[in-house]
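Novice: fold the following and give me the result.
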Amino acid sequence: MFLIDAPITGRREVARGMFVIGMHAPQIASAVRAGQFVNLGWSGGPLLRRPFSVYRVEGEHIEIVLKAVGAGTAELLAMQRGERLCCVGPLGHGYDFASSVWRRCLSPRGMPGQPGCESCGSTAPEAPRSCVAKRRATT
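Specialist: All right, here's what the predicted structure looks like:
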């Protein structure tokens, strides 16, 4: 876990009211895994930091997705490129996609030319979901 004074490197709207904010946070970018998040605070902002899932990592930059739903997120979206955020992360337990459970869950099924599920042999689109349920019940 790192505590970084991260400058905002960009902001773009990806859907109506939904924005992606980029930050230069090399230590976090090199350590974060899928499913982890960061806590963000800023000068003059809310007393407590706000948690945001890491959306994407590109080089030494991380990105989060947010929508202004209150005063805190509205303040965050009003910040300009170059302004700094106090960023704590990565936090939470990330996913290990190398494990066989995730390989099975995330493999596309039920499409022409796709192999059946490794666990049950089914080619139905819901096969990965049912296999996860079976695997959880047996482990």
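Novice: helices along this structure, start to end?
Specialist: When assigned using DSSP state H, the helices of the chain occupy the ranges 26-31, 71-78, 100-106, 127-138.
Novice: sheet partners, orientation included, of the longest strand that the chain contains?
Specialist: Ranked by residue count, the top strand of the chain under DSSP state E comes out as strand 2-15. Taking DSSP bridges as the criterion, strand 2-15 sits next to strand 18-24 (antiparallel), strand 84-91 (antiparallel) in its sheet.
Novice: just tell me which of those strands ends up closest to residue 46.
Specialist: strand 84-91 (11.6 Å; C-beta to C-beta). The C-beta positions use only the backbone N, C-alpha and C, and glycine is treated the same way.
Novice: kindly format the C-alpha coordinates of that closest one as PDB.
Specialist: Extracted C-alpha coordinates of strand 84-91, given in PDB (Å, rounded to 0.1, in the frame of the first residue of the first chain):
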ATOM      1  CA  ARG A  84      -3.200  16.800  -6.900                       C
ATOM      2  CA  LEU A  85      -5.100  14.000  -5.200                       C
ATOM      3  CA  CYS A  86      -3.900  12.200  -2.000                       C
ATOM      4  CA  CYS A  87      -4.100   8.600  -3.300                       C
ATOM      5  CA  VAL A  88      -3.900   5.600  -1.000                       C
ATOM      6  CA  GLY A  89      -3.700   2.200  -2.600                       C
ATOM      7  CA  PRO A  90      -3.900  -0.400  -3.900                       C
ATOM      8  CA  LEU A  91      -6.400  -1.600  -1.400                       C
END
